[in-house]
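Asks: Here is a sequence with its predicted model. Questions after.
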Amino acid sequence: MSIRATTSLGGTASNITVGKVAHGLMMMTWTPEPVPDEQCFEAIKAGVDALPPGTKMFLNEGEFNGHNSTTTNLEMIARFFEKYPDYVDKTFLSIKVQFIPLHQ
């Protein structure tokens, strides 16, 4: 399977082409029993490998997308890039964060 639909990002990232189908990573770590790393890694690699050459996979993840608001999701993607460093340049990583002021 290949993903052919692409688009360019805007603003200062307008030189980056991504697939129109992004890969959300939240459900890989959101449950009390996260999906095993190798299963996550194979899913991420399959999406990236399905893109045309020179196109990046838009990976969407959250700072606290782990069970009980842990950083499990960030830790999982860090392990992925540690194991597969050649995929760093094939992805565009978007990380959502939530900021709650201590004092209002």
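Replies: That came in fine, so what should we check first?

Asks: Spatially central, which residue of this structure would that be?
Replies: Centrality entry for the chain: nearest residue to the mean C-alpha point is residue 59, 2.6 Å, by CA atoms, centre = their mean.

Asks: Look at it and tell me its secondary structure.
Replies: Classification of residue 59 by DSSP: H, G, I helix; E, B strand; the rest coil places it in strand.

Asks: can you pull the contacts of it?
Replies: Taking CB atoms under 8 Å, 6 or more residues apart in numbering as the contact definition, residue 59 lies against 22-23, 25, 44, 77, 91-94. Any C-beta I mention is one placed from the backbone N, CA and C, and that applies to glycine too.

Asks: show me where pLDDT drops low in this structure?
Replies: Filtered on pLDDT under 70, the chain yields the residue ranges 1, 63-69, 98-102, 104.

Asks: just to revisit the earlier point, quick check, nearest of the contacts of residue 59 to residue 4?
Replies: Of all these, residue 22 has the smallest distance to residue 4: 15.0 Å, by CB to CB.
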